[in-house]
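**Student:** the sequence and its predicted three-dimensional model are supplied below.
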Amino acid sequence: MEEVLDETQFLAPVDGALPSPGEERAIILPCPFEATVSYQAGTKDGPAAIIKASQYIEETDEESGVDLCGLKFRTADPLPIEDLTPQEMVEFVKEKALELYRNDKFVLALGGEHTITVGAAGACFERYPNAGLLHLDAHHDLRLEYWGSKYSHACIVRRLIELYNIPVASIGIRAFCPDEKEFKESRPVPTCYGWECAGHVSRSFPYIDNLPKEIYITLDVDALDPTVMPATGTPEPQGLTYSEVKEIISYAAKGHTIVGADVVELSPRPGFHHADYTAAKLAVQLLMAALNKRG
Ligand SMILES: [Mn+2]
C-alpha cells in the first residue's frame with residue numbers, strides 16, 4: 001500500500017503514525033507573524049517552509065537512533081495572527097500556548113518574527129515560573145523600543161525580562177547598540193558573544209550551567225553564520241555552525257529540562273531551501289532534546 005503523507009504536519013508522519021488526540025506529548029505551534037521586521041522581509045512564511053522542509057528528514061535520527069515519529073507530537077493549525085497588531089498577537093499566542101502548557105504539553109513554536117517569543121515564552125514562564133531563558137541569537141534584543149514599538153523583534157529579551165524577571169543566558173550575540181549595553185549595566189544579561197564561541201562552542205557551556213534547572217530555548221536562526229543560514233532578515237557574520245548549535249542544544253538538555261522552545265526568524269528565499277531544511281533539522285534537535293528527557 002502506498003504511504004500517505006500528511007503535509008500539514010511537521011515531519012509528515014505516515015498516515016496512522018500520529019498519536020491519538022490527547023496522547024501527544026508535544027505540540028508544534030506555527031506562528032506565521034511578521035509586522036516589525038527591519039531589513040529583509042519574509043518571516044511570516046517561516047513556519048510553512050520549516051514544515052515543508054521537514055518532510056525530507058529521515059524518520060530516524062541518524063546519530064542518536066531516535067525514532068522521530070515515536071516522539072508523540074502533533075502539529076497545530078497555523079495560528080490566525082497575520083492581521084493582528086504585535087501586542088494583540090503576543091496576547092493571542094500566549095493564551096494558546098498557555099492552554100497547551102496547562103495540559104502538560106511541550107510547545108515548540110515556529111516563527112515568524114522573534115516577537116512571537118514574547119507570547120510563546122511568556123506562557124511558558126507563567127506555567128514554569130522558575131525557568132530561565134537560553135537565548136541563541138546574533139542580536140541582544142534588549143532595546144527599550146525599536147521604530148516606535150515596544151513589541152518589535154529587536155526588543156524581545158528586554159520585554160521578557162520586564163514581564164517575568166527571568167534569568168537569561170544569551171549566546172552568539174555579535175550586534176547591539178549602546179542603549180542595550182547600558183541596559184546590561186543595570187540588569188546583567190550573561191552573554192557569550194559570537195566572537196567568543198564561534199569555533200569554540202564549549203566557551204558557552206558555563207553560561208548554560210548557570211541557568212536554572214528548567215529552561216526555555218529561543219533559537220533565532222541568525223545565531224547561525226550567514227554561510228549556513230542565509231535565509232534570515234538580519235544576517236550577521238561570525239556566527240555559529242549547525243554543529244555548534246546542535247551541541248549547545250544537547251549540552252543544555254544534559255543538565256537541564258527544556259520546558260519550551262521556539263525557532264524563529266527564518267525568512268525563506270527561492271533557491272536557498274537548504275536553509276529551511278537546516279532550520280527544520282534544528283527544530284528536530286530541540287524536540288528530541290526536550291522529549292527524550294521527559295521520558
Ligand atoms: Mn536576531
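**Tutor:** That came through fine. Everything quoted here is computed from the prediction, not taken from an experiment.
**Student:** around the ion, pick out the residues from the stretch 151-295 of the chain.
**Tutor:** Counting by CB under 5 Å from the ion, the residues of the stretch 151-295 of the chain lying close to the ion are D220, D222. Any C-beta I mention is one placed from the backbone N, CA and C, and that applies to glycine too.
**Student:** and what of the stretch 1-150 of the chain?
**Tutor:** D137, A138, H139.
**Student:** highest neighbour count among these?
**Tutor:** A138 (28 neighbours; other CB atoms under 10 Å).
**Student:** from K281, how far out is the residue nearest to that one when sequence neighbours are not counted?
**Tutor:** Of all residues not flanking A138 in the chain, E236 sits nearest, at 3.9 Å (CB to CB, 6 or more residues apart in numbering). Distance of E236 to K281, given as CB to CB, to the nearest Å: 21 Å.
**Student:** before we move on, what about I81?
**Tutor:** 25 Å.
**Student:** with P270 instead?
**Tutor:** In terms of CB to CB, P270 sits 20 Å off from K281.
**Student:** and I81 and K281? Which one has more around it.
**Tutor:** Neighbour totals were compared for I81 and K281, and I81 leads with 25 against 18 (other CB under 10 Å).
**Student:** check for me that A154 belongs to a strand.
**Tutor:** No - counting by DSSP: H, G, I helix; E, B strand; the rest coil, A154 is not found in a strand; it is helix.
**Student:** please enumerate the helices of the stretch 51-200 of the chain.
**Tutor:** 86-102, 116-127, 156-164, 178-186, 194-197 (DSSP state H, counting those that start in this stretch).
**Student:** contacting residues around the longest one?
**Tutor:** I take that to be helix 86-102. 27, 29, 31, 33, 35-36, 76, 79, 81, 84, 107, 109, 115-116, 118-120, 122-124, 126-128, 149, 151-152, 260 (CB atoms under 8 Å, 6 or more residues apart in numbering).
**Student:** and the residue of the stretch 51-200 of the chain closest to the ion?
**Tutor:** At 3.8 Å from the ion, H139 is the closest residue in the stretch 51-200 of the chain, using CB to the ion.
**Student:** who's in contact with the nearest residue to that residue once chain neighbours are set aside?
**Tutor:** Distances taken as CB to CB, 6+ apart place A175 nearest to H139, at 5.3 Å, with adjacent residues excluded. A175 makes contact with A138, H139, H140, T234, E236, according to CB under 8 Å, 6+ apart.
**Student:** let me have these in a markdown table, extended by pLDDT.
**Tutor:** Output for the contacts of A175, formatted as a markdown table (pLDDT from 0 to 100):
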| residue | pLDDT |
| --- | --- |
| A138 | 98 |
| H139 | 98 |
| H140 | 97 |
| T234 | 94 |
| E236 | 98 |
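**Student:** distance check, Y242 against the ion.
**Tutor:** 17 Å (CB to the ion, to the nearest Å).
**Student:** I'd say that residue and A280 touch.
**Tutor:** No - using CB atoms under 8 Å, Y242 is not in contact with A280, being 11.7 Å away.
**Student:** in terms of neighbours, single out the busier of these two.
**Tutor:** Applying other CB under 10 Å to Y242 and A280 shows that A280 carries more neighbours, namely 24 against 15.
**Student:** quick check, I81 in contact with F33.
**Tutor:** Yes - with contacts counted by CB under 8 Å, I81 reaches F33, the gap being 5.0 Å.
**Student:** and the strands in the stretch 101-250 of the chain, which stretches?
**Tutor:** 106-111, 132-136, 168-173, 191-193, 214-220 (DSSP state E, counting those that start in this stretch).
**Student:** which one of these is the most hemmed in?
**Tutor:** strand 106-111 (a mean of 29; mean count of other CB atoms under 10 Å).
**Student:** next, the angle helix 116-127 makes with that one.
**Tutor:** 160 degrees (axes from the mean of the first three to the mean of the last three CA atoms, to 10 degrees).
**Student:** can I get strand 106-111 as PDB, trimmed to CA atoms?
**Tutor:** Taking C-alpha atoms only, strand 106-111 is exported to PDB below (Å, rounded to 0.1, in the frame of the first residue of the first chain):
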ATOM      1  CA  PHE A 106       5.800  20.600  25.500                       C
ATOM      2  CA  VAL A 107       5.300  23.500  23.000                       C
ATOM      3  CA  LEU A 108       7.700  24.100  20.100                       C
ATOM      4  CA  ALA A 109       6.600  27.400  18.500                       C
ATOM      5  CA  LEU A 110       7.700  28.200  14.900                       C
ATOM      6  CA  GLY A 111       8.100  31.800  13.800                       C
END
